[in-house]
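Enquirer: what would the 3D arrangement of this be:
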Amino acid sequence: MNRPLIHPRDEIMRAMERIYRYRMTTTSGGNLSIHEPGGDIWITPARVDKGSLTRNDIVRVTADGVVDGPHPPSSEFPFHQAVYAARPDIRAVVHAHPVALVAFSICRQTPDTRLFHQAHSVCGRIGFAPYALPGSKKLGGNIAGAFKAGCDSVILENHGVVVGGASLSHAFQRFEAFEFAAKTVIKARQIGEVRYLSEAQLEQAHSRSVTLESFEPAPASAQEQELRRQLQMFLRRGCRQRLFISTEGSFSARLGGDAFLITPTQKDRESLEISDFVLVQGNRRETGKKASRAALAHQAIYRRLPHAQAIVFAHPVNATAFSVTDSVFDTRTIPESYVFLRDVRRAPYGVQYLHDGGIADYVTATSPAAILENDGVLVTGSSVLDAFDRLEVLESTAEAVINANAIGEVSAMPDAVIRELREAFKIG
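Expert: Sure thing, here's the model as predicted:
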């Protein structure tokens, strides 16, 4: 059993700082809480700037109703209490107003998380609570009713969203994945019909696993130490730029031969330390660590492409919108996009989950990136920096093309321009 070692004040403060930095709430909007086993509830205060929240601002409301703190608790404290009363298994609640989920709330709809296996798995059962005055007992009753019916992530009509979890980190992951799904649906609908996964396809992703023997590695070389630093730095930057979500995506760097470093499974991508990355050599992984379930896919690509020194599987919203529709991702719209990415191929759903190495068929030295149906993108590079740069270019291009569709007909560069680019940049 995991024993929480971070004080609730610090956990709430850090989570709110992250939500605010990701622009998933406003200065005055949203509230977080933690329900302790003894009945005390720690919660964000009322009328305090979410962008400058400190640990001392966090309020504790004891089981017998005594308020401990310099501020009153959030005005929406009553619905937090109601959720905890309805669902004893929930130990933390996130409420906020992220723009995509708010868009669904004012259309009285809920996003279908089956467009992406991780969102469907993480978000749990989706619910909808009818409108009631914020802070009122009626609102608390409406929300608690949805949770009591078994929902884990609940859209509030004309308001926002409430998500519960077994811990605050769990609730945050649900909240983040739910907003990611909502954003992807909105973007995808601008370019085509959204394709959702069947139960069999969801199960294929859910049941995938990788089995590697463990070994005790030799002391880390300077090369390994440097690659660990680079992976940590670019993953953190990628999370903050919303190129990754905390529960999904993998990044690896080749060490040489059949050895590479890769992200671990089931760990928050933004919070990874250099020691968390897993060394994989052949069919073995560093003892005491769990390598990403994508490890064999990375391995297959390294074996097929000697020039590849880094690999990224990621889920930036705009590129993922292309992955959940049949809309063609055309790099021949911007010179930089074509030079960096060439022609981006599309891999059928699930090929990356198989252990036959087939995923390596979809990237080459001259086509370093691929769209993965209903699973984001794959990018390779000659270094960690090069792979990350290409990922940024891919997502920026996808966003520009989606935005262009709202303006007029997208115009691709003619063949003469492509030939000029190939000659000028010595593209094979």
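Enquirer: got phi/psi on residue 215?
Expert: For residue 215, the backbone dihedrals (degrees, to the nearest 10) come out as phi -150, psi 160.
Enquirer: count the neighbours of residue 427 for me.
Expert: 13 (other C-beta atoms under 10 Å). All C-beta spots, glycine's among them, are computed from the backbone N, C-alpha and C.
Enquirer: again with residue 262
Expert: By other C-beta under 10 Å, the residues close to residue 262 number 24.
Enquirer: so it touches residue 277, yeah?
Expert: Yes: at 6.7 Å, residue 262 counts as touching residue 277 under the criterion of C-beta atoms under 8 Å.
Enquirer: can you give the domain ranges for this structure?
Expert: 8-189, 210-424 (automatic domain parsing).
Enquirer: span of the shortest one from start to end?
Expert: Start to finish, the residues bounding domain 8-189 are 40 Å apart (C-alpha to C-alpha, to the nearest Å).
Enquirer: now stretch 41-54
Expert: Between the start and the finish of stretch 41-54 there is a gap of 17 Å, counting by C-alpha to C-alpha.
Enquirer: figure out how far that stretch is from the centre of its chain.
Expert: Average the C-alpha atoms of stretch 41-54, do the same for its chain, and the two points are 25 Å apart (C-alpha atoms, centre = their mean, to the nearest Å).
Enquirer: list the buried residues in it.
Expert: 41, 42, 43, 44, 45, 46, 48, 50, 53 (16 or more other C-beta atoms under 10 Å).
Enquirer: tell me what the closest residue to the fourth one other than its chain neighbours is bridged to.
Expert: Computed as C-beta to C-beta, 6 or more residues apart in numbering, the closest residue to residue 44 that is not its neighbour in sequence is residue 31, at 4.6 Å. Under the criterion DSSP bridges, residue 31 forms beta bridges with residue 95.
Enquirer: numbering from 142 from now on, please.
Expert: Renumbered: residue one is now 142, and that last one reads residue 172.
Enquirer: which parts of the stretch 192-341 of the chain are helices?
Expert: Per DSSP state H, counting those that start in this stretch, the stretch 192-341 of the chain carries helices over the ranges 218-227, 240-247, 258-264, 278-289, 309-330, 340-347.
Enquirer: also the stretch 442-569 of the chain?
Expert: Assigned by DSSP H, counting those that start in this stretch, the helices in the stretch 442-569 of the chain fall at 458-464, 476-482, 525-546, 556-565.
Enquirer: could you dump these to CSV with mean neighbour count?
Expert: As requested, the helices of the stretch 442-569 of the chain are exported to CSV (neighbours: other C-beta atoms under 10 Å):
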stretch, mean neighbour count
helix 458-464, 26
helix 476-482, 19
helix 525-546, 20
helix 556-565, 12
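Enquirer: for residue 513, find the nearest of the ones you listed.
Expert: Using C-beta to C-beta as the measure, helix 458-464 is the one of these that comes nearest residue 513, at 5.8 Å.
Enquirer: helices and strands around the closest one, which ones?
Expert: Contacts defined by 3 or more C-beta pairs under 8 Å, 6 or more residues apart in numbering; DSSP states H and E place helix 458-464 against helix 309-330, strand 510-513, strand 518-522, helix 525-546.
Enquirer: picking up where we left off before, overlap in contacts of residue 403 and residue 418?
Expert: Counting by C-beta atoms under 8 Å, 6 or more residues apart in numbering, residue 403 and residue 418 have no contacts in common.
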